[in-house]
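Novice: I would like the atomic coordinates for the input below:
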Amino acid sequence: MNITIAVTVTAASRMRNVRLVNRWIGWVTGLVGFAYLIWWLSDPWNLAGLLFGVIFLVFPELLGLIRHALTRRYGRVFTYTLTDAGVRARSAVTSLEFDWNAVTSIREVRPGWVVRLPAGGGFVLPERAMTPDQITEWRAFLAARSGAPA
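Specialist: As a prediction, this is how the structure comes out:
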């Protein structure tokens, strides 16, 4: 397998990716936000409940915006090279390589695949950035890796 894709990261895609990669954080903060909003409804003059409720409900998106602002220096285009040995992720000023053994999970979601790394790290490989032949090759690799039939 030798798949190379270029992904342009926008603020909107970064917000979506943070929610996809950190889905449990999104669920927990959403529940906390919902609880704060219920608290606010019991006392509409309690603006702290409203403020905290809204912040916690949109926490993953807010985190994505902060990450997007802080990582602008790396450039907007990330190039991922997927091989049988591992993954190389490159941007304008950085390069990261890791073996498939370092990947904790790969989960297919609506926009593509979430690749999880240890310590909560991860990234999204969008399906729209791949050609149909690359998608077929990638799915065959995943099926062979999981032991499932292709």
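
Novice: every contact and neighbour count from this point should use C-alpha atoms.
Specialist: Will do.

Novice: just the helices from this structure, written as ranges.
Specialist: For the chain, the helices defined by DSSP state H occupy 11-21, 23-42, 47-57, 59-70, 132-146.

Novice: so which elements touch the first one?
Specialist: Spelled out, it's helix 11-21. Secondary-structure packing of helix 11-21 (3 or more CA pairs under 8 Å, 6 or more residues apart in numbering; DSSP states H and E): helix 59-70, strand 112-116, strand 122-126.

Novice: run the last query once more with 6 Å
Specialist: Applying 3 or more CA pairs under 6 Å, 6 or more residues apart in numbering; DSSP states H and E, we find helix 11-21 packed against helix 59-70.

Novice: list the buried residues for the lowest-mean-pLDDT helix or strand in the chain?
Specialist: Every helix and strand of the chain was ranked by mean pLDDT, DSSP states H and E. The lowest is helix 11-21, at a mean of 81. By 16 or more other CA atoms under 10 Å, the buried positions in helix 11-21 come out as Ala11, Ser13, Arg14, Met15, Arg16, Asn17, Val18, Arg19, Leu20, Val21.
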